[in-house]
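Participant: A structural model of the following input is requested.
(one chain, ligands or ions: 2)
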Amino acid sequence: MERQGLNVKVSNNDCKSENISRKRKLAEHRKSLPVASVENLLIQEVLRNDTLIIVGETGSGKTTQIPQFLFNAGFCRDGKAIGVTQPRRVAAVTVAKRVAEECGVEVGQKVGYSIRFEDVTSSSTRIKYMTDGLLLREALLDPYLSRYSVIIVDEAHERTVHTDVLLGFLKKVQKTRSRSLNDSFNTENVNTNGLVLKKGNNGKYVSSLRQHRGRKLPPLKLIIMSASLDARLFSEYFGGARAFRIPGRQYPVAISYTRKHVLDYSETTLITIFQIHLEESPGDILAFLTGQEEIESIENLAKETIQKLPESKRNLVVIPIYSALPSEQQLRVFAPTPPGVRKVILATNIAETSVTIPGIKYVIDPGFVKARTYDPNKGMESLIVFPTSKAQALQRSGRAGREGPGKCFRQYPEDMFYKLEDSTKPEIKRCNLSNVILQLTALGVDNVAEFDFLEAPPRQAIFKSLEQLILLGAIANDGKLSDPVGHQMARIPLDPIYSKALIVASQSNCLEEMLITVSMLSVESIFYHPREKQEEARAKMKCFSSPEGDHLTLINVYRSAVDFLNKKKLELNKDKLEKSLRKWCKENFINSRSLRHARDIHSQIRGHVERMGLPLNSCGDDMLQFCRCLAGSFFLNVATKQPDGTYRDFASGEVVQIHPSSVLFRKKPDCVIFNEFVQTNNKYIRNITKIDRLWLLELAPHYHALKS
Ligand code: CDP
Ligand code: MG
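Facilitator: Numbers count the residues shown, from 1 in each chain. Ligands and ions are numbered 1, 2, ... in the order given. Take a look at the predicted model:
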């Protein structure tokens, strides 16, 4: 806690002894982890097996310790690195920072991380945490992943679409690398850890390093790690790979259910937080929510409620954690609270297994998770709030029993639990595959339908997504990437439809506007409408809103923020500048975290397009030009008004409505393009701009002239 107003002098000696005691604590903590007792065994297994599956309870030390064991065992000799993939950005960042601290180095040096839009590594990085999607992108430039001696695919049980694709790709790379080894020596080679011992003429083994196209290329060791995983599925996929179990440790957790069905779980979650705080013994609380918007709304309500408590009961701090949170704020969940203060963490399902937060004794589980769904017949993908699976419910309650006995409050009746699915369907079976297909094609996989997937996605979904890529001009009729558009699209780390929009925009003189648009579309809810200030928020939103629609409205917000920053830049230092921007956001009912994220994305994508040589042009005040460009880019997402005021999605024929958050909600233009489906009780379209239907015939005749 900051001691404001006090002139506290801390002597150098105090700092030193604080450092030493922190170091000692870290070292003790490391030794106490279950994985510490099996270090030697584990290293032997890795040496013996090219592919190893490691299963261990969440919190046993897999993610933070195993890469360090491998480093110490010499797996980074010859400058090679250990790559550790995570399905979630937050996990990659927080774990890298933790491991850097354990190693006593600055993050970005020996230990670093790389996620989309943020690369904190250097040439000296030897343990690199990254998202699984990022490693796939790296493979575009380095198809043999030649800088890695070991790749650890962590959290494999999450079965994100990137994990599944990565596993298939790694299997191929591993084979190629060991083939290159056999081809080049074709003799009795013993390989350990990248070193080849070749039997020489005299019968003695001589050490030599494998060469591949002039580079040293050791075999690729693969480690698949997970908390709860059907090891058999993975083992069979990797030709009977060995599974290694880390002995676990778990205390009992008392589970309670609600008596009746809960209508509004946000409300019961809030009530439960305060019941625990006021009635239960010390210990931190972890509540599982579905997304940023929900977390922020409960965060605000909880903070208001705390202010209403008697002074002696205000010892509760609320800390959010979700993917889009700026990375320096993510670490707050790990910071210990001062004595006598309880913390409540509001998390998405990242806290299920990816991120282990110490000190949790109480878990609140409303039983929902936000996940993607895809209807391949209609080609519609949306994010929907689903009930969790049994496996997820068990993982969540398990978080309460890591350091001692705990309690879990499920916000649903007991019979509901038994009706839950056993496990979650892998994402690859319920998402739009255009991104995956574009990447696999770029990696040289010509026939994606025949790719060796762990579990194949529905064929219908493959064909629908392939069709989309052909319509976007990314894939030519021969199934290969088109030149240059397909290659350019594969290089931009965005959804193919957004990458294409940037290319189209650069050709129609409005890349600057499109860059802002896709950055703003890549974050969750820019506008923030607190319940008790709806009117005021709406009035402020009007200052930004454009009669053309939401895309230009988002551009107005972004540009106003940049103008504000430019004006203040001369008088304020960096910290104060960000602080005053946060104040500006608050006054204008803009979500400052989302805006910050959008600015980060903007600067990263800008770097990409500049490196690709796309001219960063602007249409100035010619908004018609930009709206035409939106129509030419998002021609796959068109909806037209029907006599009853609803809309019909052009591609699927589905009846949809304009989302109430849109600036066009009341205006109801005849024809619109949109960027998102939202499915609640109704089907909504969101992020909408009014267009002239005739433009489509001119700008996307290959689709609209044929279909109309
Ligand atoms: O991967 P696994 O779930 O097996 O465990 P881990 O992420 O390696 O975490 C091991 C221990 O380090 C846990 O006790 C975490 O609470 C702790 N940890 C931490 O205090 N701060 C972090 N940023 C990451 C881990
Ligand atoms: Mg882990």
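
Participant: name the helices or strands packed onto the helix or strand containing Leu47?
Facilitator: Element membership for Leu47, per DSSP states H and E: helix 39-48. For helix 39-48, the elements it packs on are strand 51-55, helix 62-72, strand 242-245, judged by 3 or more CB pairs under 8 Å, 6 or more residues apart in numbering; DSSP states H and E. Quick note: C-beta positions are derived from backbone N, CA and C, even for glycine.

Participant: starting at the chain centroid, how far to the second one?
Facilitator: Just to be clear, that refers to helix 62-72. 23 Å (CA atoms, centre = their mean, to the nearest Å).

Participant: what helices or strands is that helix leaning on?
Facilitator: helix 39-48, strand 81-86, helix 89-103, strand 127-131, strand 148-153, strand 221-226.

Participant: by how many degrees do the first one and helix 62-72 diverge?
Facilitator: What it means is helix 39-48. 70 degrees (axes from the mean of the first three to the mean of the last three CA atoms, to 10 degrees).

Participant: one step back: make JSON lines out of the helices and strands packed on helix 62-72 and add mean pLDDT.
Facilitator: Formatted as JSON lines, these follow (pLDDT from 0 to 100):
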{"stretch": "helix 39-48", "mean pLDDT": "96"}
{"stretch": "strand 81-86", "mean pLDDT": "98"}
{"stretch": "helix 89-103", "mean pLDDT": "94"}
{"stretch": "strand 127-131", "mean pLDDT": "98"}
{"stretch": "strand 148-153", "mean pLDDT": "97"}
{"stretch": "strand 221-226", "mean pLDDT": "96"}
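
Participant: for Ala705, find the nearest of these.
Facilitator: Shortest distance between Ala705 and the helices and strands packed on helix 62-72, using CB to CB, is found for strand 127-131: 40.2 Å.

Participant: picking that back up, how about the helices and strands packed on helix 39-48 in CSV, adding distance to ligand 1 and mean pLDDT?
Facilitator: Shown next, in CSV, are the helices and strands packed on helix 39-48 (distance: least, CB to the nearest ligand atom, whole Å; pLDDT from 0 to 100):
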stretch, distance to ligand 1, mean pLDDT
strand 51-55, 9, 96
helix 62-72, 3, 97
strand 242-245, 12, 94
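
Participant: any chance of TSV for those, columns mean neighbour count?
Facilitator: Below are the helices and strands packed on helix 39-48 laid out as TSV (neighbours: other CB atoms under 10 Å):
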stretch	mean neighbour count
strand 51-55	23
helix 62-72	22
strand 242-245	16
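
Participant: returning to what we had before: for ligand 1, which of the helices and strands packed on helix 62-72 is the nearest?
Facilitator: helix 89-103 (3.3 Å; CB to the nearest ligand atom).

Participant: contacts for the closest one, please.
Facilitator: 26, 30, 63-64, 67-68, 84, 86, 106-116, 118, 120, 127, 129-131, 154-155, 321-323, 325, 327, 330-331, 333-334, 350, 354-355 (CB atoms under 8 Å, 6 or more residues apart in numbering).

Participant: parallel or antiparallel, which strands does whatever helix or strand comes next after that helix pair with?
Facilitator: Downstream of helix 89-103, the first helix or strand assigned by DSSP H and E is strand 111-115. The strands beside strand 111-115 in its sheet (DSSP bridges) come out as strand 118-120 (antiparallel), strand 127-131 (parallel).

Participant: near ligand 1, anything from strand 111-115?
Facilitator: No: using CB under 6 Å from any ligand atom, we find that strand 111-115 stays clear of ligand 1, coming within 11.7 Å at best.

Participant: which outside residues touch that strand?
Facilitator: Outside strand 111-115, the residues touching it (CB under 8 Å, 6+ apart) are 89, 92-93, 95-97, 99-100, 103, 105, 107, 120-122, 125-131, 134.

Participant: so how far is it from its chain's centroid?
Facilitator: For strand 111-115 - counting by CA atoms, centre = their mean - the centre lies 14 Å from the chain centre.

Participant: what's the average pLDDT for it?
Facilitator: Average pLDDT, strand 111-115: 96.

Participant: angle of that strand against helix 89-103?
Facilitator: Using the same axes, to 10 degrees: strand 111-115 against helix 89-103 is 170 degrees.

Participant: and stretch 126-146, how far out from the chain's middle?
Facilitator: Centre to centre, stretch against its chain (CA atoms, centre = their mean), the figure for stretch 126-146 is 16 Å.

Participant: so that stretch, near ligand 1 or not?
Facilitator: No: Stretch 126-146 is not in contact with ligand 1 by CB under 6 Å from any ligand atom; minimum separation 10.8 Å.

Participant: end-to-end on that stretch?
Facilitator: 13 Å (CA to CA, to the nearest Å).

Participant: show me which positions of it end up buried.
Facilitator: Within stretch 126-146, the residues that qualify as buried are 126-139, 144-146, counting by 16 or more other CB atoms under 10 Å.

Participant: and for stretch 663-673?
Facilitator: Val663, Leu664, Pro669, Cys671, Val672, Ile673.

Participant: then stretch 35-50?
Facilitator: Val35, Val38, Glu39, Leu42, Ile43, Glu45, Val46, Asn49, Asp50.
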